[in-house]
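K.L.:
Give me coordinates for this.
(one chain, ligands or ions: 1)
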Amino acid sequence: MHPSRTPLVIANWKMNKTPSEAALFCDDFLSRLPALPERVELAIAPAFPALERVGRHLLPTRVKLAAQDVHVEPKGAHTGEVSVAMLADVGVAMVLVGHSERRRDRKEIEADFTRKMKRLADAGLSPVYCVGETLEERDGGRTEEVLAAQMTALDAFGDALPPGFVLAYEPVWAIGTGRAATPEMAADAHAFLRARLSERFGAAAAAATRILYGGSVTPANAADLFAKPDIDGGLVGGASLVPADFAALAVAAGA
Ligand code: 13P
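P.N.:
Take a look at the predicted model:
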């Protein structure tokens, strides 16, 4: 953490929790909120059916509502998809773009992510753009090349990042494996990403952008990861499903 940036921890629930289960989580987690460090920004990204219910719980609190994805088109004949306007209408403030599970399962590519981030920027929602290499790419010494290629999704933004832009470094081999990157490995990747942002958008924009780490973050390893100056918080899957664990991550981010 660097003192000039507000720490951020986002719960990405993926395809977990029905609306009823999500409501139970909110009751438990929000009862812990007064004890959590106020300077840490928190957000929860439920699955679409739980968005409105979770949004109602979060509305009177400082915890933001996030979504896991959005469609590239604003409306129309796209069965099963969800638009930016729909997300904005239920109070979503942040949206994940480019998660590796979407890259893998839906074959989404940088051109899709550019379009999604443009839609979000036009509507005033913050994109949380996810990048990260596979194990094969890391073992082949290609991590920086892969990250640089993924960062080209931002090329269409001229010289200004989308408002509220957040970057998330999520090495694919660390997601859901229980094998987090070491703080040093993550710090190296974050430094590389911040340098790319600086080259592209200037030093001030790079210094102001939060870069989150994601991939098997737990209450046991979070403090060491978040202690690195370029790691500004976490994008958390498994550990964010348990209220006490998500609360512990907020504490670690505020330390
Ligand atoms: P895990 O924390 O379960 O490894 O998931 C990370 C992730 O993909 C968050 O977007």
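K.L.:
after the helix or strand where residue 144 lies comes which helix or strand?
P.N.:
Assignment of secondary structure by DSSP states H and E places residue 144 within helix 143-151. Proceeding N to C from helix 143-151, the next assigned helix or strand is strand 166-169, under DSSP H and E.
K.L.:
what mean pLDDT does the next helix or strand after that next one have?
P.N.:
Per DSSP H and E, strand 166-169 leads on to helix 183-201 as the next helix or strand towards the C-terminus. Averaging pLDDT along helix 183-201 gives 97.
K.L.:
Any part of helix 183-201 near the ligand?
P.N.:
No. Helix 183-201 is not in contact with the ligand by Cβ under 6 Å from any ligand atom; minimum separation 12.6 Å. Every residue, glycine included, has its C-beta placed from N, CA and C.
K.L.:
Please identify the residues of the chain in proximity to the ligand?
P.N.:
Applying Cβ under 6 Å from any ligand atom, we find that the chain lies next to the ligand at 12, 99, 170, 175-176, 214-217, 235-239.
K.L.:
which residue does the protein bring closest to the ligand?
P.N.:
Nearest residue of the chain to the ligand (Cβ to the nearest ligand atom) works out as residue 237 at 2.4 Å.
K.L.:
And that residue, how close does it get to residue 16?
P.N.:
Distance from residue 237 to residue 16, counting by Cβ to Cβ, to the nearest Å: 9 Å.
K.L.:
do the same with residue 220
P.N.:
21 Å.
K.L.:
Of those two, give the one with the bigger neighbour count.
P.N.:
residue 16 (16 against 12; other Cβ atoms under 10 Å).
K.L.:
check contacts around the more buried one.
P.N.:
47, 241 (Cβ atoms under 8 Å, 6 or more residues apart in numbering).
K.L.:
Starting from residue 211, give me the distance back to it.
P.N.:
From residue 16 to residue 211 the distance is 25 Å (Cβ to Cβ).
K.L.:
Then residue 27?
P.N.:
Applying Cβ to Cβ, the value for residue 27 to residue 211 is 32 Å.
K.L.:
More neighbours: which of the two?
P.N.:
More crowded of residue 27 and residue 211, by other Cβ under 10 Å: residue 211, with 23 against 11.
K.L.:
quick one: that one is in a helix?
P.N.:
No. Residue 211 is assigned strand when assessed by DSSP: H, G, I helix; E, B strand; the rest coil, not a helix.
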